[in-house]
Every structure is written in C-alpha cells, then in structure tokens.
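Asks: Using only what follows, build the 3D model:
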Amino acid sequence: MTGLSSFSPERILVCQLRQIGDVLLTTPSIRLLHERYPAAAIDVFTEKKCVPVLENNPHVRRVWALDKKALPNFLAELRYYARIAAENYDLVVDFQQLPRCRFVTLMSRARVRLSYPPPWYNRLLYTHWATPVHGYSGSYRASILAPLGIVWNGQGPEMFLTEKEKGWARDYLAACGLVPGTYVTLDPTHRRSTRLWPARHYGAMIDQVHAARPALRFFILYGPGEEAMVREVLNSCTATQACILPDTVIGLRQMAAVQSMARLHVGNCSGPRHFAVAVGCPTLTVLGATSGGWRFPSEIHQDIFLDLPCRPCNQNRCASNDHACLENLPPERVSQRLLAMLGP
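Replies: Numbering: from 1, shown residues only. Okay, here's the model as predicted:
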C-alpha cells in the first residue's frame, strides 16, 4: 500500500448500504472527508430506505439510492453499478464490504479503494485498508479513514432539518396538545428479542414517571408493523393520559423533527436513539444484548443495563432463553434514571 499524504481526490464515493441507523452513523465520516478535501464532491451509495437521513446534508453532492425492486436481475444491477462507476471516482470508501459494495468498488477503478482489512480473497479489490479502532460506533467507522490522515475528534451523527420540517413538527405537536420541551419521545419497539425491554416494564416505567411528573408526556414512536408492540405498552400502563400515540407511522425526518423538540429520548438500542443524538436530544437507552459502543460519548447520552456475566453478548438469540438482562432490569431503575436526567 502506498502513502496518501499527497493524495487529493476530486470525486469521492462512500459505500454504506444499510441499516438506517448505520448510515446515520456514517455522517461523521462524511463530514471528516469534506473537511479533509473541501473541494471534492462526495457521493453516497446506500439503499433507498436510508436516503432520508442524508437529505439536505451539505457535505453530500449525490445519493445513489439502491432500489432492489427496480433492478429485477443481475444484469440490471450491473448496468446500475456501471452508471456509478462512470462518475470516475478517485476515492471509494467501503464501510461494509457487502457484495453490492464490492461490485461498485471493483467497477469504479478508483485510484484509492479504502476499507477495513478484507479477507484474503477480496484483497485485490482494495488498495488501502485500516484496522478499525474499537469504541463509539461513529468513531469506529471514522478510524477506517486513518490512511488519509483523518482522525475522529468527537464528531457526532448529523441530520439537517429544514425550517419547513420543524414547522410541521410544531404544528403536529400542537394538534396533539403538546409544545416543545413538555414531552419525551419513547421507542419501546425492536425486532430482536435480545434488545426488547418488556412492554410491561415500559408500562410500569410510564406510570412511575407520571406519578412524579404528571405534566410530562410520552410521545410514542413506532415503525411499520410495530403498532401491536406499542399497544401492548399502552395496555400495560394505567397512565394512558400521559401517552401520545400517533394515528399513523410518521416519516423518519418527521420523527427527527419531533425528537429535536423533546426533553429527552428513551427506548431500546435501535435507530431512533441515533436520530435523537443527531438532532441534539439527550438519550437514555435500555440495553440488553448490545454493548455501550453505540452510545455517543457525552454525559447527556446514557445507557442503563443489568450487569450480568453473559452480557453484552451481541447476539440475536438468548443462549439461556430467559432474556435475564432485560426481564430482570426493574422499571424503577429506569424511571429513576430518567427523572434524574430530566432534572428539577
């Protein structure tokens, strides 16, 4: 691998296909690339569902949105990748090494193709690589940029909301009887059981917080197919008057706009916690299987968990089948921490 001290790319492609939260956690690296090469055009290759987190980002020129439904066969995919390669990128940064990312990297013929250390059978695809430094997920990604002389220095994820989007949020909140700063956003859902604090615990936590702060409201967030989970939470609490449940799923950017005006965000370890960080909202995250590597290093962003020998296991299935790290984390601990973070 050759040194890159004098390398000055004009066109950069960042490859991060999924998931939504992971794409958001790539925005610190995008900012760092822009600061290192301010004259370079930066494009992003990602899945269509992830595009909203990159909208209005001043550091991104173009998003190549992969719509798998619009590419019915392998030949159609190759044509699409060829269109991307025709941009003649000087630098490709592949944060994932997924098959589609590798195809784009290969076809780009970029002078510099940077990633984390690839397996031996993929090494010819990349010209440079760096071993990631463990820590916060955003800094972990950014450490791959070390060969370019780039060092992470506390940059967090970013979303750039428009005034129109903020105005929508204020109007929506007003229709719900809320004003900014009078509520917390709550994300009680997750598709993985090892990251899902029980609904009955969330219900008890809501009741306990409501008893101490009767004026505070919980704005409940949920995605497509998750309404049953939030209904279970509502059925588990008595202070339903403290809960605001949107009639329909709101979009990702609308969710972020609502979070930007909240006192705090509380929930499981999933995408909405990163959205909250990106818009400056303090967070309290209930951890099960996951580690603290997803927490942005700041006092206003906290994790709460049960300290067991088996966690963090970072697994999607509980080896003991009892989900003890979640089941045995009492609602009282979470409500007390939440109230402490809210302050007087």
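
Asks: which residues touch residue 149?
Replies: 4-5, 36 (C-beta atoms under 8 Å, 6 or more residues apart in numbering). C-beta coordinates here come from the backbone N, C-alpha and C atoms, glycine included.

Asks: Repeat that for residue 43.
Replies: Residues in contact with residue 43 (C-beta under 8 Å, 6+ apart) are 11-14, 60-64, 87, 89.

Asks: Can you tell me the element it falls in?
Replies: Secondary structure from DSSP states H and E places residue 43 in strand 41-47.

Asks: Contacts made by the helix or strand just after that strand with the rest, please.
Replies: In the C-terminal direction, the helix or strand that comes right after strand 41-47 (DSSP H and E) is strand 62-66. By C-beta under 8 Å, 6+ apart, the residues outside strand 62-66 that reach it are 13, 17, 41, 43-48, 50-51, 54, 80, 84, 100.

Asks: Can you list the helices and strands that the first helix or strand past strand 62-66 going along the chain packs against?
Replies: Next along the chain after strand 62-66, taking DSSP H and E as the criterion, comes helix 74-85. In terms of contacts (3 or more C-beta pairs under 8 Å, 6 or more residues apart in numbering; DSSP states H and E), helix 74-85 is packed against helix 99-108.

Asks: Pull the distance from the helix it packs on to the chain's centre.
Replies: 24 Å (C-alpha atoms, centre = their mean, to the nearest Å).

Asks: Toward the C-terminus from that helix, list the very next helix or strand.
Replies: Next along the chain after helix 99-108, taking DSSP H and E as the criterion, comes strand 112-115.

Asks: Name every strand pairing with the helix or strand immediately after that next one in the chain and say which way it goes.
Replies: Helices and strands here follow DSSP H and E; after strand 112-115, the next one along the chain is strand 128-129. Partners of strand 128-129 in the sheet, by DSSP bridges, are strand 112-115 (parallel).

Asks: Now tell me what touches the strand it pairs with from outside.
Replies: 4, 7, 9, 90-95, 97, 105, 125-130, 144-145, 147-148.

Asks: any idea whether residue 179 is helix, strand or coil?
Replies: Following DSSP: H, G, I helix; E, B strand; the rest coil, we place residue 179 in the coil state.

Asks: Would you mind confirming that it makes contact with residue 169?
Replies: No. Counting by C-beta atoms under 8 Å, residue 179 does not reach residue 169; the two are 11.1 Å apart.

Asks: Tell me which of the two has more neighbours.
Replies: Ranked by neighbour count (other C-beta atoms under 10 Å), residue 179 and residue 169 place residue 169 first, with 24 against 11.

Asks: what residues are up against the more buried one?
Replies: Neighbouring residues of residue 169 by C-beta under 8 Å, 6+ apart: 254, 257-258, 260-261.

Asks: any idea which of those has the most stuff around it?
Replies: With neighbours taken as other C-beta under 10 Å, the top of the contacts of residue 169 is residue 258, carrying 30 neighbours.

Asks: just to revisit the earlier point, show me just the buried residues among the contacts of residue 43.
Replies: Buried subset of the contacts of residue 43 (neighbour count, 16 or more other C-beta atoms under 10 Å): 11-14, 60, 63-64, 89.

Asks: Rebuild the contacts of residue 169 as JSON lines, extending it with pLDDT.
Replies: Formatted as JSON lines, these follow (pLDDT from 0 to 100):
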{"residue": "254", "pLDDT": "97"}
{"residue": "257", "pLDDT": "98"}
{"residue": "258", "pLDDT": "98"}
{"residue": "260", "pLDDT": "98"}
{"residue": "261", "pLDDT": "98"}
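
Asks: ok, these vs residue 216, which is closest?
Replies: residue 261 (14.0 Å; C-beta to C-beta).

Asks: Let me see the confidence value for the residue nearest to the closest one when sequence neighbours are not counted.
Replies: Leaving aside its chain neighbours, residue 261 sits nearest to residue 180 (3.6 Å; criterion: C-beta to C-beta, 6 or more residues apart in numbering). Turning to residue 180, the model gives it a pLDDT of 97.

Asks: What's the local residue count around residue 180?
Replies: Per other C-beta under 10 Å, the neighbour tally for residue 180 reads 15.

Asks: same question, residue 264
Replies: 21.

Asks: wait, doesn't residue 100 sit right on residue 78?
Replies: No. Using C-beta under 8 Å, residue 100 makes no contact with residue 78, being 10.7 Å away.

Asks: out of the two, which sits in the busier spot?
Replies: Taking neighbours as other C-beta under 10 Å, residue 100 and residue 78 compare with residue 100 leading, 18 against 13.

Asks: got the contact list for the more buried one?
Replies: Taking C-beta under 8 Å, 6+ apart, one finds 17, 66, 77, 81 in contact with residue 100.

Asks: and the host helix or strand of residue 34, how far out from the chain's middle?
Replies: Take DSSP H and E as the rule and residue 34 turns out to sit in helix 27-36. For helix 27-36, the separation from the chain centroid amounts to 17 Å (computed by C-alpha atoms, centre = their mean).
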